[in-house]
Each structure stands twice: as C-alpha cells, then as structure tokens.
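Chemist: need a 3D model of the sequence below.
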Amino acid sequence: MTGRRPCALGAVALAAGWLLAACDGPSGSGQEITLYNGQHVQTTDALVSAFDKATGITVNVRSDDEDTLADQVVAEGAHSPADVIYTENSPALEYLQSRGLLAAVDPSTLAATPGRFNSPQGEWVGVSARVSVLIYNPSLIAVSQLPTSVLQLADPRYQGELAIAPGETDFQPIVTSVAHAYGTAAALTWLEGLKTNAGSHVYPDNETIADEVNRGEVAFGVVNQYYWYRLAAEIGADNVHSEIAYLAPRDPGYVLDVSGAGVLRSSAHPAAAQRFLAFLVSKQGQEIIARSISYEYPIASGVSTVQPETPFDALQPNSITIPELGDGSQAISLLQQAGLL
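Modeler: Here you go, the predicted structure:
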C-alpha cells in the first residue's frame with residue numbers, strides 16, 4: 001500500500017466536514033480538479049454537476065477510453081494534470097495501482113462500498129457495477145438454443161450467429177475469467193473459435209452489437225446488461241426486437257464488472273479529489289446512479305437501482321475476484337494471439 005491514511009479521528013473529521021458541506025452548501029468555491037473520465041458520459045455528467053452544486057468545486061472532465069487514459073497517466077507520470085481517474089472496469093485501475101500512481105483512498109470513503117468491490121490495497125474505490133449477458137433476437141434464435149456456458153460460444157453450430165466486440169475493455173474481464181477457470185491454452189483455443197464463429201460480426205463496440213442484434217443483422221452477442229436497457233430507453237419499447245439472457249449461474253462468462261475511481265498520487269488538489277471520490281459513493285451520488293439512464297448498479301451506501309432490471313442481489317455471477325481479474329494484460333495478450341486485436 002502506498003501513501004499514508006489519516007488516523008481514525010482524522011477520517012471522522014473529514015467525513016463530518018464533507019457532510020457539513022453537503023448540508024450547508026458549497027465550501028469549495030474557486031477550487032478545480034481535473035477528472036480523466038473513462039466512464040460513459042451518461043454516468044458521469046449528472047454526478048459531476050451534482051458535486052459542483054454541493055461543494056462549489058469545478059470538475060474539468062477529459063473523456064476517452066479507459067485504456068487510453070490509463071496509458072496517458074503512465075506517460076505523464078508525476079506531471080499528469082489529472083487529479084482523479086474514473087473507469088468502467090477495474091483492470092485499468094489495477095494497472096495504475098501496480099505502477100504506483102494511485103494514492104490511498106480515505107478510509108471513510110472505502111467503507112461506503114463493500115470491500116470485495118474495492119482495491120485490496122485501498123487505492124481505488126468501487127462505484128457501480130454491470131454484468132455480462134447475451135443479447136439475442138428471438139426471430140433469429142430461440143432462447144432455448146442459446147449457449148448456457150461461455151465455452152459454448154465457440155461451438156461450430158453458432159458460426160455466423162455470434163457477435164463480439166473484442167476491442168471493448170468490457171470484454172477483457174470475460175477473457176481473463178475464462179483463462180482463470182480453464183487455463184491460457186484453452187482460453188486461446190476458445191478465442192480462436194469465437195473469431196471463426198463471429199466472422200464478419202466482429203464489431204468495434206457493444207453499442208454496435210446491441211443495434212445489430214436488435215435490427216436482425218446477427219442472432220446474438222455478448223455485452224454488458226446496461227447496453228440493452230439503454231437501447232430500449234433510446235428507441236422505445238415498440239422498436240425493441242431483442243431480449244437478454246444470462247449464462248448459467250457462476251459460469252466463467254457470467255462476470256460482474258466493477259467501475260471505480262482513484263486519486264492520482266501526483267494530484268495537485270488531493271483534498272478536493274478525495275471529496276469527489278467520497279461523493280461518488282455517498283448516498284446522493286449512488287442515488288444519481290440508481291436513477292440515471294446509465295442502467296448501472298449502484299454498489300455503495302446501501303443504495304439499490306430503481307430501474308426495471310434484474311435486482312442486483314438476484315444476479316449469480318462467477319466468483320472471480322478483483323485481484324484475479326488483474327490489470328487486463330493477460331486478456332490483451334490472448335486477444336492479440338488470437339488475432340482479435
């Protein structure tokens with residue numbers, strides 16, 4: 001663990017100060033922090049706006065793919081203008097942590113999120129979660145014909161019917177989970193089978209998969225659940241021609257992805273940056289996520305989603321842990337060897 005955490009009395013004082021600011025109005029007028037945002041704008045914009053209103057601290061947002069931002073932080077080193085990085089998935093944060101670029105998160109902030117969703121070293125905090133699913137078009141494939149295990153995605157009977165987005169960072173945890181469960185050799189063979197089955201249906205992102213399946217261009221694909229819910233919200237129920245299904249409980253392809261945030265060790269505004277992390281996992285921040293069109297699951301401060309999706313407690317993902325998902329490097333290597341990157 002890097003850096004020093006405040007003593008218990010200091011943590012209580014910090015928490016009390018934040019709560020007082022939230023109740024009595026902004027106390028950080030004139031302060032600014034820079035956020036490197038690898039999250040979807042649907043998730044980030046409302047959180048940043050509410051934080052600014054509650055604290056008076058302006059958040060300057062730079063958005064890009066989380067891998068791009070993580071590499072940028074590494075390249076910038078101690079001179080990075082970023083104060084906070086906010087990502088869709090844990091591997092990017094684990095990568096920065098392994099390079100010694102993240103600061104310890106305030107204990108009171110970490111305590112708001114169940115420990116299994118945080119950095120084991122305490123250097124980033126879990127904010128929300130999503131889960132991998134199959135999106136399918138019932139006019140092209142019946143639910144009874146869908147694979148129930150991730151390995152079945154490589155079955156030749158699905159040739160030409162499968163859509164994947166291997167360049168998406170959302171896909172990396174699935175690859176890592178397969179390698180963890182079955183070994184790297186089996187994972188590579190599996191990826192080669194996916195490449196064959198997908199054929200021309202290898203897409204740049206999950207939004208494209210959701211759209212193509214919904215339009216009947218391909219039978220089914222692998223996405224995180226929120227892409228389907230967002231699609232339905234955007235195009236209206238009458239235009240939804242697809243559904244989602246889950247793999248068998250605990251299957252290695254049934255992966256829970258945690259989105260999180262960390263403070264850069266090089267931050268010029270560490271106190272304000274820590275306040276932003278505390279806000280993300282506060283009741284107010286989590287309720288914004290619970291009600292937003294991001295369709296992510298809030299995971300902190302006891303808040304549950306109000307959106308009409310499978311309750312978080314009813315999900316049955318694989319038990320792979322944050323440390324076992326690692327920094328994504330194994331998945332990237334396997335995807336490259338399979339010719340999917």
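Chemist: what about residue 136, how many neighbours?
Modeler: As a burial measure, residue 136 scores 25 neighbours (other Cβ atoms under 10 Å). For the C-beta atoms, the positions are set from N, CA and C on the backbone; glycine is no exception.
Chemist: again with residue 211
Modeler: Residue 211 sits with 17 neighbouring residues when counted by other Cβ under 10 Å.
Chemist: residue contacts, it?
Modeler: Residue 211 sits next to residue 231 when contact means Cβ atoms under 8 Å, 6 or more residues apart in numbering.
Chemist: the same query, at a cut-off of 10 Å, please.
Modeler: Shown in contact with residue 211 (Cβ atoms under 10 Å, 6 or more residues apart in numbering): 203, 205, 217, 227, 231, 234, 235, 242.
Chemist: again, but for residue 320
Modeler: By Cβ under 10 Å, 6+ apart, the neighbours of residue 320 are 173-174, 176-178, 180-181, 250, 252, 254-256, 326.
Chemist: mind checking which of the residues you listed are buried?
Modeler: Among those, those classed as buried by 16 or more other Cβ atoms under 10 Å are 173, 174, 176, 177, 178, 180, 181, 252, 254, 255, 256, 326.
Chemist: next, the contact list for the third one, please.
Modeler: Residue 176 sits next to 91, 187, 252, 255, 320, 324-332, 334 when contact means Cβ under 10 Å, 6+ apart.
Chemist: farthest-separated two in the buried ones among the contacts of residue 320?
Modeler: Greatest spacing in these, by Cβ to Cβ: 254 and 326 (18.3 Å).
Chemist: ok so, going back, take the contacts of residue 320 and keep only those in strands.
Modeler: Under the assignment DSSP state E, those contribute residue 256 to strands.
Chemist: tell me the two of the contacts of residue 320 that are most distant?
Modeler: 250 and 326 (19.6 Å).
Chemist: most neighbours, which of the contacts of residue 211?
Modeler: Neighbour max across these (other Cβ under 10 Å) = residue 227, 26 neighbours.
Chemist: output the helix or strand encompassing that residue as PDB - backbone C-alpha positions only.
Modeler: Applying DSSP states H and E as the criterion places residue 227 in helix 225-235. The C-alpha coordinates for helix 225-235 follow below in PDB (Å, rounded to 0.1, in the frame of the first residue of the first chain):
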ATOM      1  CA  GLN A 225     -26.600  -5.800 -19.500                       C
ATOM      2  CA  TYR A 226     -26.900  -2.000 -19.500                       C
ATOM      3  CA  TYR A 227     -26.400  -1.700 -23.200                       C
ATOM      4  CA  TRP A 228     -29.700  -3.400 -23.900                       C
ATOM      5  CA  TYR A 229     -31.500  -1.300 -21.300                       C
ATOM      6  CA  ARG A 230     -30.100   1.900 -22.700                       C
ATOM      7  CA  LEU A 231     -31.000   0.800 -26.200                       C
ATOM      8  CA  ALA A 232     -34.600   0.200 -25.100                       C
ATOM      9  CA  ALA A 233     -34.800   3.600 -23.400                       C
ATOM     10  CA  GLU A 234     -33.400   5.400 -26.500                       C
ATOM     11  CA  ILE A 235     -35.600   3.700 -29.200                       C
END
